[in-house]
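**Student:** Give me a model of this one.
(chains A, B, C and D)
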Protein chains: 2
Amino acid sequence: MSEQLGLRERKKLETRQRIIDVALALFDKRGFERVPVAEIARASDVSEATVFNYFPSKEDLVYGGMQAYEDELVAAVAARPDGTSAVTAFRDFVLEPRGALAADDDGTATAAVARAARIIAGSQTLQAREQRIVDHATDALAELIARDGEAPPGLGPWVAANALMGVHRAMTRLAQRLASEGHKGAEVGRTVRAQGAAAFALLEKGLDALPV
Amino acid sequence: MSEQLGLRERKKLETRQRIIDVALALFDKRGFERVPVAEIARASDVSEATVFNYFPSKEDLVYGGMQAYEDELVAAVAARPDGTSAVTAFRDFVLEPRGALAADDDGTATAAVARAARIIAGSQTLQAREQRIVDHATDALAELIARDGEAPPGLGPWVAANALMGVHRAMTRLAQRLASEGHKGAEVGRTVRAQGAAAFALLEKGLDALPV
DNA sequence: TAGTGCGACTCTATCTTTAGAGTGACTATA
DNA sequence: TATAGTCACTCTAAAGATAGAGTCGCACTA
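**Tutor:** Just a heads-up that it's a prediction; the model follows:
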C-alpha cells in the first residue's frame, strides 16, 4: 500500500484527491452547474489556477477517473498477448475485480458510486460528456477489432465494439442502481461481475441464445 | 481574528506553525539534541530545506518567538514618545497583558509555556542561546539608555538595562514555574504581572526600599 | 438589441517548495 | 589516532502554486 513516493509527488496526489472530494461533495449538494470552479478552489484551499492545472476542464473533476478507465481498457485490448482475441481481452479486463468495489467493507466506495450517479443524473452537460467518452472508446475499440480480422471493412467491427461497450455500460449502471438502493460494496461487485459475465457469454454465443 | 490574508501568505503561516508545533512536541518527548531536523521535516510534511527556509537554525524553532519578542521590546523602547523615559517604556511593554497568557481559558498556553521550560531545561545549547539573546537585548537597551541621559559614559546604562532585563527574566521564570506547577493561564498572567509591577517599583525606588 | 455580469478557462511573472548533492564539525569506535 | 557516521546547514536547478489580469461565450435585462 505504501507506494514510497517522494514528498513532491505525494503532495500532488493529495491535492488532486482533495480537490475531487471537495468538488463532488459540492456537486452532490447543489448540482454540477451551480458550483463555480472558484468556489471549489476556495474550499479546497488552492487557487483557481491550480484546479485547472490538475483538471483541464470542470467536467474532468467528475470524469477524469472514467476517462482514465476507458483509456486503460482500450490500451489493455491493444496490448493483449498474441493469440488472445480482442473480445476476450475486453471481457477479462472488465470482469477483473478492481478498485474500491472489490473490497468495500464500510460502504465508502458504494456511497461514492451512488453519489456519482446522482451528480451525473442532475446534469445534462455531464451526461453528454459521458456519451462522448463512450463514443470515443467505442471508435478506438472498433479500430482495434478491425485491424484484427481480415474481414472486409464493414459494420462488423463497430457493431462488435458497441456491443462490448454496451456490456460495460450496463454493468456500470447496474452498479449505480444497486449502490443507490443501498447494497454494499462486496455484494455489488459480485453481482455486477456475475451479470457481466453472463452478458458477455450471451454476446459470444450469439443473440439466438436468448431465451424466448 | 480573520486577517484576510491571501492564500499564499496564509499557507506560509500555517506551514510555519505546523513545523513549530511538530518540533516542540518532538523536543519535549525526546530532547532537543536528539531530534534531527530531517525528522522534524518528515513529521511536518515538508522537506528539510523548507525547515531551513523558515528557520535559520534549529534553535530558532524554539527561540524564534522569544527573539521576536526581545526585538519588539527594544524597538518599543527605541520608539517611545518624547517625554517617556526608557525605564517607563520598558516597564509598560513588559507589563502589558499580551499573547496567549492574557486569556488562556483551556490552559493550552500555560501547557505550552511549561513545555518550553522543560525543553530548554533539557538542553545546554538552548540555555546558551537564551543567554545570548538576553545579552544582546541588554546591550541594545543599554545603548538606548545611554543615548537618553547626558551622563558621562559609565556603567550606569548597562547596569540599568541589566536590572530591567532581570525583571523580565524573573517574570518569565515565574511564569514557567507556575505553569509547570499546574496553575492555569489567566491566574498565571495576573500573578506574573503583579509581581513584575512590584519588582519594577522596587528598582525605581531604589534597592534601599527593600524591607530588612 | 445593446449592455452587463458571471463564469470557464488562459497566460505570465513571481513566489515557494522540493530534489539532491555537498561541506564541515563533531562523535563514536576500532 | 585513523575512520566512518551523523547531523546541521548550504546551494542550485527544476517543479509547483499563486496573483492578477484578461479573453470569450452565454444568459439576463434594459
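**Student:** Show me what from chain A comes close to chain B.
**Tutor:** On the criterion Cβ under 8 Å from any Cβ of the partner chain, chain B has as its neighbours in chain A the residues A:7, A:11, A:45-47. Every residue, glycine included, has its C-beta placed from N, CA and C.
**Student:** Now list the buried members of these.
**Tutor:** With neighbours counted using 16 or more other Cβ atoms under 10 Å in any protein chain shown, these contain these buried positions: residue A:46.
**Student:** So what touches stretch A:56-76?
**Tutor:** A:19-20, A:23-24, A:27, A:32, A:37, A:40, A:51, A:55, A:89-90, A:93-94, A:116, A:119-120, A:125-126, A:129-130, A:133-134, A:136-137, A:140-141, A:144, A:168 (Cβ atoms under 8 Å, 6 or more residues apart in numbering or on different chains).
**Student:** So which of the residues of chain A next to chain B reach DNA strand D?
**Tutor:** A:11, A:45-47 (Cβ under 7 Å from any atom of the strand).
**Student:** between those, which is nearest residue B:99?
**Tutor:** Each of these was checked against residue B:99 using Cβ to Cβ; the closest is residue A:45, at 27.0 Å.
**Student:** what domains does the record give for chain A?
**Tutor:** Domain assignment for chain A, taken from automatic domain parsing, gives A:1-58, A:59-207.
**Student:** Lowest-scoring secondary structure element of chain A by mean pLDDT?
**Tutor:** helix A:99-102 (a mean of 72; mean pLDDT, DSSP states H and E).
**Student:** Can you give me the distance of the residue nearest the centre of chain A to residue A:124?
**Tutor:** Taking Cα atoms, centre = their mean, the centroid of chain A lies closest to residue A:66, which sits 3.5 Å from it. Between residue A:66 and residue A:124 the distance is 17 Å, computed by Cβ to Cβ, to the nearest Å.
**Student:** Pull the residues that contact the least confident helix or strand of chain A.
**Tutor:** Residues from elsewhere that reach helix A:99-102 (Cβ under 8 Å, 6+ apart): A:108-110, A:112-113, A:175, A:185, A:188-189, A:192.
**Student:** just stretch A:36-50 next, same as before
**Tutor:** Around stretch A:36-50, the neighbours that count as contacts under Cβ under 8 Å, 6+ apart are A:15, A:18-19, A:22-23, A:26, A:51-52, A:58, A:61, B:7, B:11.
**Student:** try 6 Å this time
**Tutor:** A:18-19, A:22-23, A:51, A:58, B:7 (Cβ atoms under 6 Å, 6 or more residues apart in numbering or on different chains).
**Student:** Go through those residues and flag which are in helices.
**Tutor:** A:18-19, A:22-23, A:51, B:7 (DSSP state H).
**Student:** Buried members of the contacts of stretch A:56-76 into PyMOL, please.
**Tutor:** Those of these that meet the burial criterion (16+ other Cβ under 10 Å) are gathered into one PyMOL selection, given here:
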select buried, chain A and resi 19+20+23+24+27+32+40+51+55+89+90+93+94+116+119+120+126+129+130+133+134+137+140+141+144+168
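**Student:** possible to save the residues of chain A next to chain B as CSV with pLDDT and secondary structure?
**Tutor:** Conversion of the residues of chain A next to chain B to CSV gives the following (pLDDT from 0 to 100; DSSP: H, G, I helix; E, B strand; the rest coil):
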residue, pLDDT, secondary structure
A:7, 97, helix
A:11, 98, helix
A:45, 98, coil
A:46, 98, coil
A:47, 98, coil
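**Student:** from the residues of chain A next to chain B, which is closest to residue B:206?
**Tutor:** When the residues of chain A next to chain B are compared for distance to residue B:206 (Cβ to Cβ), residue A:45 wins out at 57.8 Å.
**Student:** Could you write me a ChimeraX select line covering just the buried ones among the contacts of helix A:99-102?
**Tutor:** Only the buried entries of the contacts of helix A:99-102 go into this ChimeraX selection, using 16+ other Cβ under 10 Å:
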select /A:109,110,112,113,175,185,188,189,192
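**Student:** Could you take the contacts of helix A:99-102 and lay them out as TSV, with extra columns for secondary structure and pLDDT?
**Tutor:** What follows is the contacts of helix A:99-102, written out as TSV (DSSP: H, G, I helix; E, B strand; the rest coil; pLDDT from 0 to 100):
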residue	secondary structure	pLDDT
A:108	helix	86
A:109	helix	86
A:110	helix	89
A:112	helix	90
A:113	helix	89
A:175	helix	94
A:185	helix	80
A:188	helix	91
A:189	helix	91
A:192	helix	94
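**Student:** Just flag the most distant two among the contacts of helix A:99-102.
**Tutor:** When the contacts of helix A:99-102 are compared pair by pair using Cβ to Cβ, the maximum separation belongs to A:108 and A:192, at 17.1 Å.
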